[in-house]
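Quick one, structure for this:
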Amino acid sequence: MKEDRFGAFIDDGMNKEPTGNGILDGLSFAAKDIFAVRGHTNSAGNPTWKATHRPAESNAPVIDALLKNGAELRGMTVTDELMYSLKGDNIHFPPVINPRFPQAYTGGSSSGSAAAVAGGLTDFAIGTDTGGSVRIPSAYCGLFGMRPTHGSISTDGVVALAPSFDTVGWMARSAAVLEKVGRCLLPEREQGDYRRFYRVNEAWDLVRSSSAGEAFSRAAARLFPEKTLQDYPLPGAAGACGNLPHFAGLGSVAITWTMDPNRSSPLWKRHCRPLFCGITGKKRCGISPRHGS
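Numbering: from 1, shown residues only. Here you go, the predicted model:
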C-alpha cells in the first residue's frame, strides 16, 4: 500500500474487504467522508459535525454495491467543510496536495478523493457532485470524472448538501476503470432505436484537438455502423442550448436522457430539438464536444 503523501485521507487503512466478486475484482477505492460505512463516524469536513453524530450502523448502498462487485475500500477522504466549496481547502485539515500539479489546488469539494486517485493510492474514488464537486477536482487533478443524472444512483446514507441537486459521482485515472464503476453503480437502461445522429458544426469548431473530431467519427461508426452521422449547423438564438446536460470526455460525448417534449418550453422546441436525432418515444440523443479539449 502506497503511503499517503498528499493528505488525501481522513481515515486511512480502513481496508474494508470485498464482500463478493465482480467487475471490480482487484481494484481499490476511497470514499469521501460523507458516505456511511458501518462503525465509522463521518465528519463531513467539520469536527463539530463528527462530535455530534454517531457511528453508522450500516453501509450506504453505494458502498455495498462496490464491495459486492469485488472492490476494496481503503479509507475515507478529506472533503471541503460541509461540502460547501469548489476550491479543495479545509481549515480543519492540512492542505490536500494535487499530485499532478503540486502548486495548484485540487479542486473540491471531493478533494481527497481526487488526490487519492491521482496519486495512485487507489484505483478509483467516489464523491458527490452538487455543483461540480466531482467534475472540478477531476479536471484539476487530470482524472476522468463522472456526474450521473440526478437520482440515478441512491444517495441514501450520504450526508446531504442540497438533496434536489446532490448526486453520487466517481473518478478514475483511466476511462476503462471509470466505465467499470459505472456499470456497477448505474441502472440498466434500454438502448433507444436511434435513426440518425447530428454533429453540430459550430460546437466542434471550438475543439482545439484536430484529432478529436476524427476520433468521434470513428467511434460513432463503430458503435452505430448502420446509422448516418450528419453535420448540422447550429440553429438561431445562440446559447439557447448552453445548459443541456452532457457527459464530457476527451473532446467528445454521446448523451442520452429522457425528456417529455410536451413539457418543453417553446424556446427548447424551436432551437434545441433540431440538434438531436429523431428517436422513437421520448428519448433523445445528442453529440457534443467538451470545450477546450
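
Show me what the lengthiest helix in the chain is packed against.
Assignment by DSSP state H gives helix 210-223 as the longest helix of the chain. Identification of packing neighbours for helix 210-223 by 3 or more Cβ pairs under 8 Å, 6 or more residues apart in numbering; DSSP states H and E yields strand 197-200, helix 201-204, strand 229-232. C-beta here means a position set from N, CA and C on the backbone, and glycine is covered the same way.

so where is the stretch 101-250 of the chain shaky, pLDDT-wise?
Regions of the stretch 101-250 of the chain meeting the criterion pLDDT under 70 cover residues 190-195, 208, 234-250.

50 instead, please
For the stretch 101-250 of the chain, applying pLDDT under 50 flags the ranges 237-250.

Please state the offset of stretch 86-93 from the chain centre?
Offset of stretch 86-93 from its chain centre (Cα atoms, centre = their mean, to the nearest Å): 20 Å.

And that stretch, end to end?
Distance across stretch 86-93, first residue to last, is 16 Å (Cα to Cα, to the nearest Å).

Do you have the strands of this protein handy? List them.
9-11, 28-32, 72-77, 124-129, 144-146, 167-172, 197-200, 229-232, 253-258, 283-288 (DSSP state E).

if we compare the ones you listed, which one ends up closest to residue 185?
Nearest to residue 185, of all these, is strand 167-172, at 7.2 Å by Cβ to Cβ.

that older thread, winner for burial among the helices and strands packed on helix 210-223?
Highest mean neighbour count among the helices and strands packed on helix 210-223 (mean count of other Cβ atoms under 10 Å): strand 197-200, with a mean of 20.

May I have that strand as CSV, with CA atoms only?
Written as CSV, here are the backbone C-alpha positions of strand 197-200 (Å, rounded to 0.1, in the frame of the first residue of the first chain):
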residue,chain,number,x,y,z
PHE,A,197,-27.0,11.4,-35.4
TYR,A,198,-26.2,15.1,-35.9
ARG,A,199,-22.8,16.7,-35.3
VAL,A,200,-23.2,20.4,-34.6
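
Tell me which strands that strand pairs with, and in which orientation.
Paired strands of strand 197-200, with direction, are strand 229-232 (parallel) (DSSP bridges).

right, and residue 172 touches residue 141 too?
No - applying Cβ atoms under 8 Å, one finds residue 172 not in contact with residue 141, separated by 11.2 Å.

Please identify every residue contacting each of these two.
residue 117 (Cβ atoms under 8 Å, 6 or more residues apart in numbering).

These two: who's more crowded?
residue 141 (29 against 24; other Cβ atoms under 10 Å).

distance of that one from residue 173?
Computed as Cβ to Cβ, to the nearest Å, the residue 141 to residue 173 distance reads 9 Å.

And for residue 96?
17 Å.

Could you check which of those two has the larger neighbour count?
Taking other Cβ under 10 Å, residue 96 and residue 173 do not tie; residue 96 has more neighbours (29 against 18).

residue contacts, the more buried one?
By Cβ under 8 Å, 6+ apart, residue 96 lies in contact with 6-8, 78, 88-90, 106, 111-112, 115.

Please repeat the previous calculation with a cut-off of 6 Å.
The contact partners of residue 96, taken as Cβ atoms under 6 Å, 6 or more residues apart in numbering, are 7, 78, 88, 106, 111-112, 115.

Could you check the pLDDT of it?
What the model reports for residue 96 is a pLDDT of 96.
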